[in-house]
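Participant: Quick one, fold the following:
(chains A and B)
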Amino acid sequence: MEAFIDNFGLIWGGFLATVSLTAVSGLIAFAWGTVLAAFRVSPVGPLRTFGTLYVEIVRNTPLTLMFFFWVFIVPTFGIVFPLGFWPAVVALSLYTSAFVCEALRAGINSVGVGQAEAARSVGFTFSQTLGHVVLPQAWRSAIPPLISVLIALTKNTSVAAGFAFTELVAVSQRLINANPVDGFFIFVGIAAMYLVITIPLGILAGRLERRVAFAR
Amino acid sequence: MSTSSILYDVPGPRAKRRDLILNVVFTLFFLAILAFAVYAAYKKGVFDGRWSVLWDPPKNQTGADVWHSLLVRGLGATLLAAAVAAPMALVFGGLLAIVRRGARRRVVSGTSVVVTEFFRGLPVLLLMFLAKLVFGWSPFASVVFGLVVYNLAVVAEILRAGIAALPSGQREAGYSIGLSKMRTTLSIEMPQAVRIMLPALISQLVVLLKDTSLGFIVSYEELLRVIKSNRDYFGDKYLLPLFFVGAGVYIIINILISRLAILVERRMRRSKHVARTPSGEAPLAEGAAEAQRYTANTGYGTGQPPGP
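Facilitator: This next block holds a predicted model:
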């Protein structure tokens, strides 16, 4: 217990590192995932193929492999990152974007075809159909899965501990090694730090889902 | 084009011509990028003798030795951890879901809620470190512990969502013929919930298999670590071919399991062994939104048709 309180500064630093890693890679993943989703529903064949290939390959690749690629393989091509934060951001955002893309695409697919047909039959143009009818509905049903993706991302940042970035799990590893007797308390404390992020997000996802369900 | 039908009208002659032009332009664009990447790799000397490590490696080793270490030792250890962890996670997760739904005492069902929510919100790696550093277990035991504890919580949550998707008449029917709460859960709700959520459960296996690679970090000798120790033995430049083999193995296995999930999902939709809702819809459609939440990790088992 004492070890946890004495080292709270260190743990707080780890918490902030986890949060900032989640935020930065979440934003990039969201942007790139949206582009990928647009590719996957576009009428242009090569873009669809690219989007499909990207998503299939990335979501069947373990995240550790992705980190391994950016930390050990990419430097052999002569592209060298400073070790730590940025390789982690690149690996996490490229990995997460595939799931963001799928959540958005599932949202678009969940809108009934009748909706777009109705919009077209009252004379909406393509952009009006998209902007006023399809995307608002798609967006609604995509929010809960997107929050789940964000929760998964928060937990996934822990993999960076194995690749020279000091976030919560790396801190816990260091503290447990230094204070073996207090190991279990340190684990519980670190676990609480994660739950502070993941449980409220989960509750939020559940609430939103119920609201979306009533709106249908 | 089936997925795009919601967004686009049937193309007319002008739109068809435009699509053709865009097709050609983007095909050329991607080919140009690919060609540039290959050329840049060639300039860096990626296509030199290093690939021979896969059939004629240096240091008096044979190609068979390398492949044996990759596929038998490395992949074998990866699959072993998954094969030990998956059944345990399914059994314990099922028990947890049954207790949560069927226990008469609120303390008991409340406990299983807390256990589910607690372990579902933690990174697998943290649980592996708990076993390794605090309990002092072997790397293999730590990997299995992390996988089991995390995935049992996810399985319990998937099954809970499946039960929630059933029409309430199922439960009431159980009570009205005099079954206890636990009996109703065991013989009426669970069998249907497992059926509904089978695709989600299978895609969770993909997640579990992917997570075995975290063993790399807790020094369990799985595929990725074997690749690294091969590099340490043969030298830095041989890492690239070894990595490509490892990545290919992972991706192929995971795609196969994912296809199985899609296949099962298609069959499930025709199943007559799951109660219909009063509106005549299969609860699968109703549970799809729930399923989608819990399978956001893979995207499979979402009740949506698979991509083009």
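
Participant: Could you name the helices and strands sitting against the least confident helix or strand in chain A by mean pLDDT?
Facilitator: In chain A, no helix or strand scores lower on mean pLDDT, DSSP states H and E than helix A:2-6, which sits at a mean of 74. Using 3 or more Cβ pairs under 8 Å, 6 or more residues apart in numbering or on different chains; DSSP states H and E, the elements in contact with helix A:2-6 are helix A:168-178, helix A:183-215. (Each C-beta comes from the backbone N, C-alpha and C, glycine too.)

Participant: I'd like a version of these in a markdown table, one that adds mean pLDDT, distance to chain B and mean neighbour count as further columns.
Facilitator: Formatted as a markdown table, the helices and strands packed on helix A:2-6 follow (pLDDT from 0 to 100; distance: least, Cβ to the nearest Cβ, whole Å; neighbours: other Cβ atoms under 10 Å in any protein chain shown):
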| stretch | mean pLDDT | distance to chain B | mean neighbour count |
| --- | --- | --- | --- |
| helix A:168-178 | 88 | 4 | 22 |
| helix A:183-215 | 82 | 4 | 16 |
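
Participant: Out of the ones you listed, which is closest to residue B:221?
Facilitator: helix A:168-178 (19.5 Å; Cβ to Cβ).

Participant: still on that earlier bit, could you dump the helices and strands packed on helix A:2-6 into CSV and include distance to residue B:237?
Facilitator: Formatted as CSV, the helices and strands packed on helix A:2-6 follow (distance: least, Cβ to Cβ, whole Å):
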stretch, distance to residue B:237
helix A:168-178, 30
helix A:183-215, 39
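
Participant: and of the ones you listed, who's closest to residue B:137?
Facilitator: helix A:183-215 (12.4 Å).

Participant: what's the angle from the closest one to helix A:168-178?
Facilitator: Helix A:183-215 runs at 160 degrees relative to helix A:168-178, counting by axes from the mean of the first three to the mean of the last three Cα atoms, to 10 degrees.

Participant: Please, where are all the helices along the chain?
Facilitator: Since you didn't name a chain, this refers to chain A. Listed in chain order, the helices found in chain A under DSSP state H are A:2-6, A:8-41, A:45-59, A:63-68, A:85-110, A:113-121, A:126-128, A:135-156, A:168-178, A:183-215.

Participant: that's the wrong chain, I meant chain B
Facilitator: Using DSSP H, helices in chain B cover B:13-43, B:63-67, B:76-102, B:106-120, B:124-129, B:139-165, B:169-176, B:181-184, B:190-211, B:223-234, B:239-270, B:283-294.

Participant: Mean pLDDT lowest where, among those helices?
Facilitator: Least confident of these, judged by mean pLDDT, is helix B:283-294 with a mean of 46.

Participant: hang on, the earlier thing: and the helices of chain A, which one averages the lowest pLDDT?
Facilitator: Looking at the helices of chain A, the weakest mean confidence is helix A:2-6, a mean of 74.

Participant: now what about it, what contacts it?
Facilitator: A:11, A:175, A:178, A:179, A:182, A:185, A:186, A:189 (Cβ atoms under 8 Å, 6 or more residues apart in numbering or on different chains).

Participant: Most widely separated two among those?
Facilitator: A:178 and A:189 (14.2 Å).

Participant: about what we covered before: out of the helices of chain A, which gets nearest to residue B:53?
Facilitator: Nearest of the helices of chain A (Cβ to Cβ): helix A:63-68, 17.3 Å.

Participant: what packs against that closest one?
Facilitator: Against helix A:63-68 (3+ Cβ pairs under 8 Å, 6+ apart) you get helix A:85-110, helix B:223-234, helix B:239-270.

Participant: Output stretch B:104-122 as CSV, nothing but the C-alphas.
Facilitator: Taking C-alpha atoms only, stretch B:104-122 is exported to CSV below (Å, rounded to 0.1, in the frame of the first residue of the first chain):
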residue,chain,number,x,y,z
ARG,B,104,-31.3,-16.6,-6.7
ARG,B,105,-29.2,-14.5,-4.3
ARG,B,106,-28.4,-11.0,-5.4
VAL,B,107,-25.0,-11.2,-3.7
VAL,B,108,-24.0,-14.1,-5.9
SER,B,109,-25.2,-12.6,-9.2
GLY,B,110,-23.9,-9.2,-8.1
THR,B,111,-20.4,-10.7,-7.5
SER,B,112,-20.4,-12.1,-11.0
VAL,B,113,-21.3,-8.7,-12.4
VAL,B,114,-18.4,-7.1,-10.6
VAL,B,115,-16.0,-9.9,-11.8
THR,B,116,-17.1,-9.4,-15.4
GLU,B,117,-16.9,-5.7,-15.4
PHE,B,118,-13.5,-5.6,-13.5
PHE,B,119,-11.6,-8.0,-15.8
ARG,B,120,-13.2,-6.8,-19.0
GLY,B,121,-11.8,-3.3,-18.4
LEU,B,122,-8.2,-4.3,-17.9
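
Participant: Pull the residues that contact that stretch.
Facilitator: By Cβ under 8 Å, 6+ apart, stretch B:104-122 touches A:151, A:155, A:191, A:194-195, A:198-199, A:202, B:96-97, B:99-103, B:127, B:149-150, B:152-154, B:156-157, B:160, B:180-182.

Participant: Fine by me, we can end here.
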